[in-house]
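**Student:** The following block contains a protein sequence and its predicted model.
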Amino acid sequence: MGYVEGLSKCRHPLASSHVPTHPIVVVVHDLRSAHNVGSVFRTADSAGLAGVVLTGFTPTPEHRGVLKTALGAQDAVPWRHAEDVHHALASLRADGYSVAALERTPGAVTPGEVPAAAFPLALVLGNEVQGVPSDVLDAADRVVGLPQYGVKASLNVSVAFGVAAYGLVERFRSLGP
């Protein structure tokens, strides 16, 4: 069984019917806020992503803060936890996924510029304060970034994920069948 196939089975009654998903998995690495994790689950469900992989010290759906914010999405989206982000990424690569980190770096591409060959895609989110660690950035095939025009040039990680997720879904769908 592949890594993605080994994601938890959805328990939500509506998830039992075949709902098409987009070939995008989000890897949530070392997020501190359970509320941000819950928001990631809701967005992943709404965008029709293939799954969520929680790594490092990221809270899992057993945490009441995740449950409060996810509002049942944790039961509608397949997920798993892995201690080691590099092992999770290697397993996703073995399943045919390319790896993109969501971060502000020179040379980052927008979601709409991600090449067709990048799908299926694993999108890595980093810690709320430190972002995606440099060793994970180095392991990524590409970096996806969002243009930011304000003074702070900073978005909450769950908000940035929402913008990126929908941009990536739109890009994938624009490529046709």
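**Tutor:** Now that the structure is in, tell me what you want to look at.

**Student:** What ranges does the chain have for its strands?
**Tutor:** 22-29, 49-55, 79-82, 98-102, 121-125, 142-144 (DSSP state E).

**Student:** Just put those strands in JSON lines and tack on mean pLDDT, distance to Gly72 and mean neighbour count.
**Tutor:** All C-beta spots, glycine's among them, are computed from the backbone N, C-alpha and C. JSON lines is the format used below for the strands of the chain (pLDDT from 0 to 100; distance: least, Cβ to Cβ, whole Å; neighbours: other Cβ atoms under 10 Å):
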{"stretch": "strand 22-29", "mean pLDDT": "97", "distance to Gly72": "18", "mean neighbour count": "25"}
{"stretch": "strand 49-55", "mean pLDDT": "95", "distance to Gly72": "14", "mean neighbour count": "24"}
{"stretch": "strand 79-82", "mean pLDDT": "94", "distance to Gly72": "13", "mean neighbour count": "19"}
{"stretch": "strand 98-102", "mean pLDDT": "98", "distance to Gly72": "25", "mean neighbour count": "24"}
{"stretch": "strand 121-125", "mean pLDDT": "98", "distance to Gly72": "21", "mean neighbour count": "26"}
{"stretch": "strand 142-144", "mean pLDDT": "98", "distance to Gly72": "28", "mean neighbour count": "20"}
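
**Student:** can you put those in TSV and add distance to Gly65?
**Tutor:** Converted to TSV, the strands of the chain look like this (distance: least, Cβ to Cβ, whole Å):
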stretch	distance to Gly65
strand 22-29	14
strand 49-55	13
strand 79-82	16
strand 98-102	22
strand 121-125	17
strand 142-144	27
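
**Student:** can you pull the contacts of Asn127?
**Tutor:** Shown in contact with Asn127 (Cβ atoms under 8 Å, 6 or more residues apart in numbering): 29-32, 133, 157.

**Student:** What pLDDT does the model give the residue of the chain most remote from its centre?
**Tutor:** No residue in the chain sits farther from the centre than Val151, which is 26.3 Å out by Cα atoms, centre = their mean. pLDDT for Val151: 88.

**Student:** 27 is where my numbering starts, stick with that
**Tutor:** With the count now opening at 27, the last piece we talked about shows up as Val177.

**Student:** Now do the contacts for the spatially most central residue of the chain.
**Tutor:** The residue lying closest to the centre of the chain (Cα atoms, centre = their mean) is Val52, at 1.7 Å. Taking Cβ under 8 Å, 6+ apart, we find Val52 in contact with 66, 70, 75, 77-79, 148-151, 187, 191.
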